[in-house]
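Trainee: Dropping a prediction and its sequence here:
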Amino acid sequence: MQKVTKETYIKWYEDMLFWRKFEDKLAAVYIQQKVRGFLHLYNGQEAVLAGALHAMDLTKDKMITAYRNHVQPIGMGVDPKRVMAELFGKATGTSQGLGGSMHIFSKEHRFYGGHGIVGGQIPLGAGIAFGDKFHGVDGVTICCFGDGAARQGSLHETFNLAMLWNLPVVFVCENNGYAMGTSVARTANHTDIWKLGLGYEMPCGPVDGMNPIKVAEAFDEAIQRARRGDGPTFLEVKTYRYRGHSMSDAQHYRTKDEVAEYKKLDPITQVKEVLLEKNYATEEEIKVIDKRVKAKVAECEKFAEESPYPDKNVMYDVVYDQENYPFIDHKIK
């Protein structure tokens, strides 16, 4: 793994703060109805992505995840202006405004979604890894899903095949405590989700998902194992989301005191404290970063606001490959 340095901490702080403020801005414009449909925010889980990216090789490794997927592609290299434009439904978005919140995608940056079907990305992640192995590509696939998706039958089928075929994949359960509004304790008779890997003799274990260093160390070990050809790993990364499951979530299933306790473990605050304690940055330097992040988010919003909506014909052009498909009405108004 790359050494964790002063520069690493500064990057972690700026990246995680930007992701947090990016999501906060989306929450604000959602209330203004500029973003429609469902909106699932990543607030609180930023250390998972920060640590994972530190361990990955972004020139060849891939990522696939669920519908809480706005900041992952940004971390992988996608222009955040295009991500915000996608959520605004604009033509300049990552999928010309047709994918929306739950389906961000970038083949160029090896980010394969963004999936609205709970657990639907788990077998797809194994499929991507199978493709790499079949074609002799030295890449590792990071396949993320939530604690609710860990109860899907497709997970077991995928784990079995991944071990049988020795696939270069790291399965990651981002356990934020709740599947929508259902606590982990109410979904099964065990709460250590990582133990699901034991039934397949898959290397597995829990990870502190509020600390980017702990995440980076666990991901590095798993990625190196996969790259050596030693097969998959299953990590249960224990994290927490500060906002509801989606913007429509009233959060009656948890108390404000519980959220407040987890906010004491805020990964952004933890990294900021290290910056100050180790003299990696002064309060003034941190304020400069804060100001830069604020300006960057404003730039994304401005770009999305000013971008045009896609032409209606685009919705048809991307559905049918055959141009003269007989059931298309070309007289769209």
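Mentor: Received it, and whenever you're ready, just let me know what you need.
Trainee: which residues touch Glu283?
Mentor: By C-beta atoms under 8 Å, 6 or more residues apart in numbering, the contact list for Glu283 reads Leu276. C-beta here means a position set from N, CA and C on the backbone, and glycine is covered the same way.
Trainee: What separation do you get for it and Trp12?
Mentor: From Glu283 over to Trp12 the distance is 18 Å, taken as C-beta to C-beta, to the nearest Å.
Trainee: Would you mind pulling the contact partners of the helix or strand where His156 lies?
Mentor: Secondary structure assignment for His156, by DSSP states H and E: helix 153-164. The contact list for helix 153-164 (C-beta under 8 Å, 6+ apart) reads 119-120, 122-123, 125-126, 129, 145, 149, 167, 169, 171, 196-197, 199-202, 231-232, 234.
Trainee: Narrow those residues to just the buried residues.
Mentor: The neighbour-count test (16 or more other C-beta atoms under 10 Å) applied to the contacts of helix 153-164 identifies 119-120, 122-123, 125-126, 129, 145, 149, 167, 169, 171, 196-197, 200, 202, 231-232, 234 as buried.
Trainee: Those residues in helices, which ones?
Mentor: The helices, defined by DSSP state H, take in 122-123, 125-126, 129 from those.
Trainee: what's the span of stretch 130-148 from first residue to last?
Mentor: 25 Å (C-alpha to C-alpha, to the nearest Å).
Trainee: Going by neighbour count, which residues of it are buried?
Mentor: 130, 132-133, 139-148.
Trainee: From those residues, pick the one nearest Lys302.
Mentor: Set against Lys302, the nearest of these by C-beta to C-beta is Cys144 (30.4 Å).
Trainee: Skipping adjacent residues, who's closest to the closest one in space?
Mentor: Distances taken as C-beta to C-beta, 6 or more residues apart in numbering put Thr65 closest to Cys144, at 4.0 Å, once the chain neighbours are dropped.
Trainee: And that neighbour, how close does it get to Gln45?
Mentor: Noted for Thr65: a distance of 11 Å to Gln45, by C-beta to C-beta.
Trainee: Mind listing what's buried along stretch 61-78?
Mentor: Residues 61-76, 78 are the ones in stretch 61-78 that count as buried (16+ other C-beta under 10 Å).
Trainee: do the same with stretch 244-256
Mentor: Buried residues in stretch 244-256, counted by 16+ other C-beta under 10 Å: 244-247, 253.
Trainee: Contacts only, for Lys62.
Mentor: Counting by C-beta under 8 Å, 6+ apart, Lys62 has contacts 110-112, 128, 132, 139-142.
Trainee: let's see 7 Å
Mentor: Listed by C-beta atoms under 7 Å, 6 or more residues apart in numbering, the contact partners of Lys62 are 110, 112, 128, 139, 141-142.
Trainee: Need phi/psi at it.
Mentor: In terms of degrees, to the nearest 10, the main-chain angles of Lys62 are phi -130, psi 160.
Trainee: on that earlier part again, format the ones in helices among the buried ones among the contacts of helix 153-164 as TSV; extra columns: distance to Lys287 and pLDDT.
Mentor: Formatted as TSV, those follow (distance: C-beta to C-beta, whole Å; pLDDT from 0 to 100):
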residue	distance to Lys287	pLDDT
Ile122	42	98
Pro123	46	98
Gly125	40	98
Ala126	45	98
Ala129	43	98
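Trainee: In the protein, mark out all the helices, start to finish.
Mentor: Assigned by DSSP H, the helices in the chain fall at 6-31, 46-55, 71-76, 80-87, 121-134, 153-164, 212-228, 256-263, 267-277, 283-306, 312-317.
Trainee: Just give the number of residues close to the residue lying closest to Gly148 once chain neighbours are set aside.
Mentor: Leaving aside its chain neighbours, Gly148 sits nearest to Ala179 (2.6 Å; criterion: C-beta to C-beta, 6+ apart). Neighbour count for Ala179, taken as other C-beta atoms under 10 Å: 19.
Trainee: And the strands in the stretch 101-250 of the chain?
Mentor: 141-146, 169-175, 178-179, 182-183, 204-208, 233-238 (DSSP state E, counting those that start in this stretch).
Trainee: do you know which of the ones you listed lies nearest Tyr316?
Mentor: Of the strands of the stretch 101-250 of the chain, nearest to Tyr316 by C-beta to C-beta is strand 141-146, at 32.4 Å.
Trainee: what are the pairing partners of that closest one, and which direction each?
Mentor: strand 62-64 (parallel), strand 169-175 (parallel) (DSSP bridges).
Trainee: Show residues contacting the longest one.
Mentor: Where contact means C-beta under 7 Å, 6+ apart, the residues beyond strand 169-175 that reach it are 45, 48, 125-126, 129, 140-147, 150, 162, 184, 193, 209, 219, 222-223, 226, 232-239.
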